[in-house]
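Chemist: need a 3D model of the following:
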Amino acid sequence: MKRIIIMAGLILVPAVAQAETLYVSNERGDSVSVIDAASGAVTATWPVGGRPRGITVSKDGKYLYLCASLDHAVQVIDRASGKVVAELPSGQDPEQFFLSRDGATLFVANEDDAALTAIDLATRTVAFQVDVGGEPEGVAQSPDGQWVVVTSEEDNVVNWIDIKAKTMVAETPTDQRPRHVEFTGDGAQLWVAAEVGGTVQIIDTASRQVAETLRFAIPGIPDHRILPCGIRFTPDGRTAVIALGRADHVALVDVATRKVRAYVPVGKRVWHVAISADGTRAYAANGLSDNVSVIDLAKGAVTQTIAVGAAPWGIVAAP
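Modeler: Numbering: from 1, shown residues only. Coordinates of the predicted model:
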């Protein structure tokens, strides 16, 4: 029987896990695994286009958007049926994307085009396209909606695009092969995962200059295996959860102090992570072990491992 504890006039009740569904893009399986987060059970596997990578949920929660890289399209998947109901004209080899803050536009990084494509979701047409550096991948929009940033893995820069002007106005040099970018909630910082550089760089958005570089050291893991990729912040903004690639670990970083508070061993070749809505758990997509690790963020430990399809790459949690 669960206890209710009364302290200093407060009633503390056991936390109830929110009902969430996880969606995992399986890059070599050409599929999406659907997971009930409460039980950890895979409830469905949906066939999708070739080499699926970036994945997210529409603002109204009805659809998944998925980068089908080999099909050169962003697929729209009905969450209720699991069926692909539309393909958006995304440009060549879409890798990742960012759903705009208002949910009206999808900003897509097209690797073969070396471009950012903005898709109007109401009309399902291309609104505009901007040339960026070679091999674009990571995409993010600033909280104020003014900027979209895109990483260029080939040129080792972050490209800054003014949304109103629909023009790239600046580049920020980074360490080698920047893969993912994430703004802090206040928009003051941009965190950049430089995979081959083995670092996460923090850019001051006011100056668009690198203010700090984070490095990682894991006992028993050689530096050349530490390949940062996905970054997500907990809802309270206090912790950055960073996938470290072939190091087979996730780093939990205190955002205020920039210190690693834990390295959590997960599956092989962890690509990307998602965070539960209540901020208590992280989910890591492990590309070479074909599974997802469930991480208790307070304990800094894996509590469950869930088998999925071949080469899980992207992951998103949704109500």
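Chemist: check contacts around the residue lying closest to P265 once chain neighbours are set aside.
Modeler: With C-beta to C-beta, 6 or more residues apart in numbering as the criterion, P265 has its nearest non-adjacent residue at 5.5 Å, and that residue is H249. The C-beta positions use only the backbone N, C-alpha and C, and glycine is treated the same way. Residues in contact with H249 (C-beta atoms under 8 Å, 6 or more residues apart in numbering) are I218, I221, Y263, V264, P265, V266, V270.
Chemist: go on, Y65?
Modeler: Going by C-beta under 8 Å, 6+ apart, Y65 touches 54-58, 74-77, 88, 97, 99, 106.
Chemist: now tabulate those residues in TSV and tack on pLDDT and secondary structure.
Modeler: TSV is the format used below for those (pLDDT from 0 to 100; DSSP: H, G, I helix; E, B strand; the rest coil):
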residue	pLDDT	secondary structure
G54	98	strand
I55	98	strand
T56	98	strand
V57	98	strand
S58	98	coil
V74	97	strand
Q75	98	strand
V76	98	strand
I77	98	strand
L88	96	strand
F97	96	strand
L99	98	strand
L106	98	strand
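Chemist: please produce a ChimeraX select command covering the buried subset of the contacts of H249.
Modeler: The ChimeraX command for the buried members of the contacts of H249 (criterion: 16 or more other C-beta atoms under 10 Å) is given here:
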select :218,221,263,264,266,270
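Chemist: what's the closest of the contacts of H249 to D296?
Modeler: Ranked by distance to D296 (C-beta to C-beta), the contacts of H249 are led by V264 at 9.1 Å.
Chemist: is the closest one in contact with G300, as I believe?
Modeler: Yes - with contact defined as C-beta atoms under 8 Å, V264 and G300 form a contacting pair (5.5 Å).
Chemist: so what sits against both of the two?
Modeler: In contact with both V264 and G300: L252, using C-beta under 8 Å, 6+ apart.
Chemist: which residues in the stretch 101-250 of the chain form strands?
Modeler: In the stretch 101-250 of the chain, the strands defined using DSSP state E, counting those that start in this stretch lie at 105-110, 115-120, 125-131, 136-141, 147-152, 157-162, 167-173, 178-183, 189-194, 199-204, 209-215, 231-233, 239-243, 249-254.
Chemist: where does pLDDT dip in the stretch 201-319 of the chain?
Modeler: Low-confidence segments of the stretch 201-319 of the chain (pLDDT under 70): none present.
Chemist: would a markdown table of the contacts of Y65 with distance to S39 and neighbour count be doable?
Modeler: Converted to a markdown table, these look like this (distance: C-beta to C-beta, whole Å; neighbours: other C-beta atoms under 10 Å):
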| residue | distance to S39 | neighbour count |
| --- | --- | --- |
| G54 | 26 | 26 |
| I55 | 21 | 25 |
| T56 | 23 | 20 |
| V57 | 20 | 20 |
| S58 | 25 | 17 |
| V74 | 30 | 27 |
| Q75 | 27 | 23 |
| V76 | 27 | 20 |
| I77 | 22 | 23 |
| L88 | 33 | 22 |
| F97 | 29 | 27 |
| L99 | 27 | 18 |
| L106 | 31 | 27 |
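Chemist: show me the contacts of H249 that map onto helices.
Modeler: Residues of the contacts of H249 located in helices (DSSP state H): none.
Chemist: next, format the contacts of H249 as TSV and append distance to D296.
Modeler: Formatted as TSV, the contacts of H249 follow (distance: C-beta to C-beta, whole Å):
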residue	distance to D296
I218	19
I221	22
Y263	14
V264	9
P265	13
V266	12
V270	16
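Chemist: narrow the contacts of H249 to those in strands?
Modeler: Under the assignment DSSP state E, the contacts of H249 contribute Y263, V264, P265, V270 to strands.
Chemist: let me see the contact set for the last one.
Modeler: Taking C-beta under 8 Å, 6+ apart as the contact definition, V270 lies against 229-230, 243-245, 248-250, 284-287, 293.
Chemist: and the first one, by the same measure?
Modeler: Under the criterion of C-beta under 8 Å, 6+ apart, the neighbours of Y263 are F216, I218, L244, H249, V250, A251, L252.
Chemist: quick check: the farthest pair among the residues you listed?
Modeler: Top of the distance list for those (C-beta to C-beta): I218 and L252, 12.5 Å.
Chemist: now stretch 85-105, how far from the chain's geometric center?
Modeler: 14 Å (C-alpha atoms, centre = their mean, to the nearest Å).
Chemist: can you count the residues close to N291?
Modeler: Per other C-beta atoms under 10 Å, the neighbour tally for N291 reads 21.
Chemist: so it bridges to which residues?
Modeler: Beta-bridge partners of N291, counted by DSSP bridges, are N286, A307.
Chemist: shouldn't it be in contact with Y283?
Modeler: No - N291 is not in contact with Y283 according to C-beta under 8 Å; the separation is 10.8 Å.
Chemist: the nearest residue to D248 once chain neighbours are set aside and A109, how far apart?
Modeler: Spatial nearest neighbour of D248, chain neighbours left out: K268 (5.4 Å); criterion: C-beta to C-beta, 6+ apart. Separation of K268 from A109 (C-beta to C-beta, to the nearest Å) stands at 25 Å.
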